[in-house]
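S.K.: Here's a sequence, model it:
(2 chains)
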Amino acid sequence: MREALAAMTTRGRAFVAAGITTLVCAVALGQEDLLRVGALLASLPLLTAFFVGRSRYRLGLVRSVTPTQVTAGNEARVRLELTNDGRLPTGLLLLEDQVPYVLGSRPRFVVDRMATGRKRTVTYVARSEVRGKFTVGPLSVRVSDPFGLVELNRTFSSTTSLVVVPRVHPLPPIPLSGAWTGSGDNRPRAFATGSAEDVTVREYRQGDDLRRVHWRSSARVGELMVRREEQPWQSRATLFLDNRALAHRGRGVASSLEQAVTAAASIVVHLVQRGFTVRLVTATGEEQGGSWHERGGGAGETAPLLESLAVVTHTERRDLDTRWLQDPGHSGLLVAVVGAVAEHDTAAFTRMRHTAATAMAITLDVEAWGGRLSVPEREPVGVTRLRSHGWQTVAAGPSTPLSSAWQELGLSSATVARRAPGTAPIGGAT
Amino acid sequence: MNARSVSLPRLTWPATTMPSLLAALTTWVALWSWAGFVESPSHYLLPMLGVVILIAATGTMLRAARQGTVMVVVCQLAVLSLWLTHHWAADAALGGWLPTPASVQEVFADLGTGVSASHTYQAPVSDSVPQISTLLVTAGTVVAVLVDFLACGLRRVPLAGLPLLALYTAPVSILTQGVPWWVFGVTAMSFLALLATDEGLRLLSWGRRVPRGDSLLDTGGGAVSAESIRSSARRIGLTATGLALVAPVVIPTFSGGLLPGNGPGGNGGGAVNISNPLVNLKRDLVRGRNQELVTVTTDAPDPSYLRISVLDSFTGGAWEPSNRSIPPENRAEGTVPPPPGLDPAVPRREVRYSLAVSGSFASTWLPTPYPVRSINVPGDWRYDTRTLDFVSADDGVTTAGLHYSLTALDVTPRVEDLLAAPAAPDSIYTPYTALPDNLPPRVKDLARRVTDGLTTKFEQAVRLQRWFREDGAFTYSLTPAAGTGSDDLLAFLSNGPGGRVGYCEQFAAAMAVMGRTLGIPSRVAVGFLRGRRVGPSTFVYRAHDLHAWPEMYFSGVGWVRFEPTPGDRASTVPGYTAGQADTAQPTQLPSPAPGSTQPQTGPQNRRRLDPGVIGGSDTSGGGGIWATVLAIVAVVGLLLAPGLGRAVLRRRRWASADSPGEVAEAGWREVRDTALDLRMSWDDSVTLRTAAKRAAAAFGRPGADDSNGHVRGGERGAAASPEAAHALERLVRDVERARYAPASVAATGRDAREVAVDVAVCCEALRAGATKKHRRAAIWLPASLVRNGGWRSLGLRRPVEEVAFDAGVDRAS
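M.R.: Numbering: from 1, shown residues only, chains lettered A, B, ... in the order given. This next block holds a predicted model:
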């Protein structure tokens, strides 16, 4: 009741004030007819508050978002399952789900009376053009009153997050070398069965062939262990994304950072599809706690990487965090998506180049995002700098299709590989 | 929100169809509150029905065509002007419909007449002035258009309440009997329905509608009925209207008003602010129905000139009663002092009167003949020694339904005494010849001219009377507006057009003023002219018998009345003024105005009594105290009844249990009822053990709960009170045995006292587990008395949670 009184709308308060004024005047002037008017005006909001405050709805809500990860521009369906757990039927419920405005206007629903134990399902579509991780919910319930005098809002607590990942462009296959043979694709190789010395085991999972049970290990561990049929050798690739604010130009969706993120996402998906285990590194260091992404097979494995990319924002730091270079086992393919490369960055990029077997970079011509109008003939300075430190790199502008940039990168990679087979292509710039 | 947002390419019923119909209905119902203004309410209500229907229909159609708000109002006004022109001035209109300058002029003339009639006549205005309904319809139309505009055009229904309130307060301030309760009730409900309908539309368009169908498919935008809104609107609306209707009974008002009226300024102790009975005189006279107001039984042959009040002060604006000095000793009980100036030698005889005043005549002045010798009236009526009129000293006491008896003097003044009357004493002369400074000198000139050549005051007075009645070419008519101010008098006395036409009020006032200019102490009396004989000695005075006449003072005789009103109203003059003793008068009087009407007489009085003078007037305390005591006892009894009933039930339950089995059952029922009292859920359909388990889950630790009643952490459940849990277990076993193995009970059944102890322990633990609120509820309103099964309808929260929340399920309550 007190809560409902506090929730009185302006109209309700005006009614009470007018009613009390009328009552006082009526009592002072001795006008019984005015007294009625005053009593009506004053009692109406109070009665409404009483009835609304007395109504105790117990509502259950199950919220689900499908899919939980959606590419920018695609739709996700949010499904709200509302149940009346109380012992009373509800009145008209006004629901409003609190979603960020980039997902569209806040969906509102008018839910008709629900009997006890009944369930209503409402769905709505959330769609964002902007990548990011968005909190969907909580749902607020407005308890309606018939005269608009009291507005009681109750809010559920649960929220769901919806990850809107950057758009992914399909990339053409280009020669990639995690090793330095330069002899085409470096695919994960099947583990030769029978080499018992080399056996690795894992726990038995339902569906495993009984013949693969490794009894010796099982006896030692006390649980069923099976031989792994595949060698967990991985073709590893590191994707470096330079997300420093000073390396990029432009703001918001139209910034070069967004283009870099899109490129990084496309490359991640491409690499994963090519069988690489990919880790993501940004200017602030490694994402996701530094572990190599476990291969599970299928497209779903890109999800954590894409989710990381979805929330990448620019950082204010000036230099690059290169501690990740000290981790063991990071050698392999290094693909970088960089913006402007300043003079003081070259040391870091050189170190990156040295630790990787192959270092490829897409250098964004960030000045093109910075409002420069004419397209220069000269390549951006970043390309020159990286190339001079042994990177294979191409420049990409706002209008360059990512696939063609990737294709070009592949071509330059092939050139470098041909020119200096078996050696690190230091100083291989043309 | 408005009709446009539902943008369909074809005409549909706009969202505001229902509101505009309701707005029309509300306005029309509210207009019933004006019924008291006129004799025949249908004369304005029927046209208004047409008006509101036209407004609603025009508004709905135009909104369906998605016209702008202002456009709708303009079109509504145009349609209404056509229709009203046809209704009122069809002959002057073009083709009977189109307004022409002539028809507009006609309507405005009617309006002017209506306005002046509303100023002239007291409500209810008789049918003889049909223009009054023109006025009412015009005003009602304005309100109706405004309401429709605010409620449907602007969608601001609460604002539409303001014109309705104005409409409703008009009669509140004008009519003394106010507005019938049912008019208020229906108007309020209609207005609330309008408010709820509009709010319902607003709510429904708040978001996507999820219909009632329980299908999992999201149909989106289905039909969500506003029924749940409507049902709660009905509940709240009816309750609020009901409360409002009984509010006047519950909330006392200061019936006379806290704020004193602005009567003549007080001049010391005993000042009374008195209303002027002259104000309503004309309205009473022209009112339709000739209501019987006073019945007199007397042994006088012709009881005429029954006085109500004396207007002894002429301010220049009007004749008014001056302040009365009515100390408590002037109570109208027993003998009244002799009238001022009456010499004992003047012939007189005592006449007995018994008067009965009708219930519809609520005056604070007592109708009495003059002069009264002795009187006996119930209630606190007091007289003024100078005027000898009787006024109610008690707030709210009027003559309505009053019976009283008195003895009066029938004085027959001798002409020679009057002619030889010496000059009036100063105490009479000064106040009763006082005239305002701004009195036009023409009045005095005229008085001089009329009485030219006459020496004695009495002769002058008689001449004045004759001048008014015969020589002055005055015409009796009720047409002129009421008023006795200097300007009104001048107009009345002037010879031009519209002059010398008036009724008793003007005649009496004019003669009294002219008498004062001549130095004759004069005043105006208001009362009944003459009754109609209905029995051998019974006379009835009616509304149309109300009259005003001048009284003039002559030393030795006192106040003597004159009759300046022409013969077609007052056929005879007092005998002493005609020079003859014959006072035989006809008893029949022509009715001045036809028609019939509802009674409403009696000035509304605003009095402020000096508490020092009338200290002991409040004697009505005795009965009130007893009523209050009774009311308190009843209220306390009502409050205590449920709790006492529960205690009685508990005692009887234990007392009636004889066998061990019955004792166990009684104990179980006691536990169950205690749980119900504490607003816990109790399902009778589950097994004993399940029920016991649930009850045990609500146990609290006795004595450890008072600090925070509603924050109940780990202190609940069977662990909180192990002894209670064991007691409950024992009790359940007993009941199970009693139910399923009755044979063994006889052998193993426990003593009733032990069971009672167990039950007490359980109940104590249950109480400890409940919130303070529920404990209070258990004491004052034990639910187990009402329910045997379902306390559900009250919607109270259960302290026992039986649903374990799923991980993904969120709850808001």
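S.K.: phi, psi of the closest residue in space to A:Val164 that isn't next to it in sequence?
M.R.: Spatially, and ignoring its direct neighbours in sequence, A:Val164 is nearest to A:Ser128 (4.5 Å; CB to CB, 6 or more residues apart in numbering or on different chains). (Each C-beta comes from the backbone N, C-alpha and C, glycine too.) Dihedral angles of A:Ser128 (phi, psi; degrees, to the nearest 10) stand at phi -140, psi 140.
S.K.: show me the contacts for A:Ser128.
M.R.: If you count contacts by CB atoms under 8 Å, 6 or more residues apart in numbering or on different chains, A:Ser128 has them with A:Val70, A:Ala72, A:Gly73, A:Val102, A:Leu103, A:Gly104, A:Phe134, A:Leu162, A:Val164.
S.K.: Just the buried residues of those residues.
M.R.: When the contacts of A:Ser128 are checked for burial by 16 or more other CB atoms under 10 Å in any protein chain shown, the buried set is A:Val70, A:Ala72, A:Leu103, A:Phe134, A:Leu162, A:Val164.
S.K.: right, and the second one touches A:Ala126 too?
M.R.: No - counting by CB atoms under 8 Å, no contact exists between A:Ala72 and A:Ala126, whose distance comes to 12.0 Å.
S.K.: From chain A, how far off is B:Ala724?
M.R.: Remark: distance between B:Ala724 and chain A (CB to the nearest CB, to the nearest Å) = 27 Å.
S.K.: Now do the helix or strand containing that residue: everything it contacts.
M.R.: Following DSSP states H and E, one finds B:Ala724 within helix B:722-740. Applying CB under 8 Å, 6+ apart, the contact partners of helix B:722-740 are B:660-665, B:667-668, B:671, B:688-689, B:692, B:695-696, B:699, B:702, B:718, B:744-745, B:748-750, B:755, B:757-759, B:761-762, B:764-766.
S.K.: So which of the contacts of A:Ser128 is the closest to chain B?
M.R.: A:Gly104 (13.0 Å; CB to the nearest CB).
S.K.: residue contacts, the closest one?
M.R.: Residues counted as contacts of A:Gly104 (CB under 8 Å, 6+ apart) are A:Val125, A:Ala126, A:Arg127, A:Ser128.
S.K.: Show me these that map onto strands.
M.R.: Secondary structure from DSSP state E places A:Val125, A:Ala126, A:Arg127 of the contacts of A:Gly104 in strands.
S.K.: With distance to A:Gln326 as new columns, can the contacts of A:Gly104 be given to me in TSV?
M.R.: Shown next, in TSV, are the contacts of A:Gly104 (distance: CB to CB, whole Å):
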residue	distance to A:Gln326
A:Val125	46
A:Ala126	41
A:Arg127	42
A:Ser128	38
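S.K.: Out of these, which comes closest to chain B?
M.R.: Using CB to the nearest CB, those come closest to chain B at A:Val125, 10.6 Å.
S.K.: which residues touch the closest one?
M.R.: A:Glu75, A:Ala76, A:Arg77, A:Val78, A:Gly104.
S.K.: Where does the stretch 101-250 of chain B get nearest to chain A, residue-wise?
M.R.: Proximity of the stretch 101-250 of chain B to chain A (CB to the nearest CB) peaks at B:Gly207, 2.6 Å away.
S.K.: Next secondary structure after whatever helix or strand A:Ala49 lives in?
M.R.: If you go by DSSP H and E, A:Ala49 is part of helix A:32-54. Sequence order places strand A:59-66 as the next helix or strand after helix A:32-54, per DSSP H and E.
S.K.: What is the neighbour count of B:Arg716?
M.R.: 23 (other CB atoms under 10 Å in any protein chain shown).
S.K.: Beta-bridge partners for it, please?
M.R.: Taking DSSP bridges as the rule, B:Arg716 bridges to B:Gly700.
S.K.: what's the distance between it and B:Leu77?
M.R.: In this view, B:Arg716 and B:Leu77 are 70 Å apart by CB to CB, to the nearest Å.
S.K.: ditto for B:Gly112
M.R.: For B:Gly112 relative to B:Leu77 (CB to CB), the value is 21 Å.
S.K.: cool, and B:Ala362?
M.R.: Taken as CB to CB, the span from B:Ala362 to B:Leu77 is 43 Å.
S.K.: out of those two, which sits in the busier spot?
M.R.: More neighbours surround B:Ala362 than the other of B:Ala362 and B:Leu77, with 23 against 15 (other CB under 10 Å).
S.K.: correct me, but the more buried one touches B:Leu402?
M.R.: No - B:Ala362 sits out of contact with B:Leu402 when judged by CB under 8 Å, with a separation of 9.7 Å.
S.K.: Just the buried ones from the contacts of helix B:722-740?
M.R.: For the contacts of helix B:722-740, a burial check counting by 16+ other CB under 10 Å picks out B:660-665, B:667-668, B:671, B:692, B:695-696, B:699, B:702, B:718, B:745, B:749-750, B:755, B:758-759, B:761-762, B:764-766.
S.K.: what about the helices in the stretch 451-600 of chain B?
M.R.: Taking DSSP state H, counting those that start in this stretch to define them, one finds helices in the stretch 451-600 of chain B at B:457-466, B:486-493, B:504-517, B:575-578.
S.K.: Among those helices, which comes closest to chain A?
M.R.: Closest approach to chain A among the helices of the stretch 451-600 of chain B (CB to the nearest CB): helix B:504-517, 28.8 Å.
S.K.: Okay, the residue found closest to B:Ser40 once you drop the neighbours it is linked to in the chain and B:His43: tell me how far apart.
M.R.: In space, and not counting its chain neighbours, B:Ser40 is closest to B:Asp127: 5.5 Å by CB to CB, 6+ apart. Going from B:Asp127 to B:His43 by CB to CB gives 7 Å.
S.K.: Could you list the low-confidence segments of the stretch 1-150 of chain B?
M.R.: The stretch 1-150 of chain B contains residues with pLDDT under 70 at B:1-12, B:120-124.
S.K.: okay, now the residue of it found nearest chain A: neighbour count?
M.R.: Proximity of the stretch 1-150 of chain B to chain A (CB to the nearest CB) peaks at B:Ser33, 8.2 Å away. If you count neighbours by other CB under 10 Å, B:Ser33 ends up with 23.
S.K.: Am I right that it is in contact with B:Pro171?
M.R.: Yes - taking contacts as CB under 8 Å, B:Ser33 lies within contact range of B:Pro171: 5.1 Å.
S.K.: Find residues that contact each of these two.
M.R.: Taking CB under 8 Å, 6+ apart as the contact rule, the neighbours common to B:Ser33 and B:Pro171 are B:Val179.
S.K.: those strands in the stretch 101-250 of chain B, which residues are they?
M.R.: Counting by DSSP state E, counting those that start in this stretch, the stretch 101-250 of chain B has strands at residues B:208-210.
S.K.: swap that for the stretch 401-550 of chain B, sorry
M.R.: Secondary structure of the stretch 401-550 of chain B, counting by DSSP E, counting those that start in this stretch: strands at B:403-411, B:475-476, B:501-502, B:522-530, B:532-533, B:538-542, B:546-554.
S.K.: Check the secondary structure at the residue in the stretch 601-750 of chain B that chain A sits nearest to for me.
M.R.: Of all residues in the stretch 601-750 of chain B, B:Ser681 sits closest to chain A, at 8.4 Å by CB to the nearest CB. Per DSSP: H, G, I helix; E, B strand; the rest coil, the secondary structure class of B:Ser681 is coil.
S.K.: Look at the closest residue to B:Ser81 other than its chain neighbours and say how many residues are nearby.
M.R.: Distances taken as CB to CB, 6+ apart put B:Pro99 closest to B:Ser81, at 5.9 Å, once the chain neighbours are dropped. Using other CB under 10 Å, B:Pro99 has 19 other residues around it.
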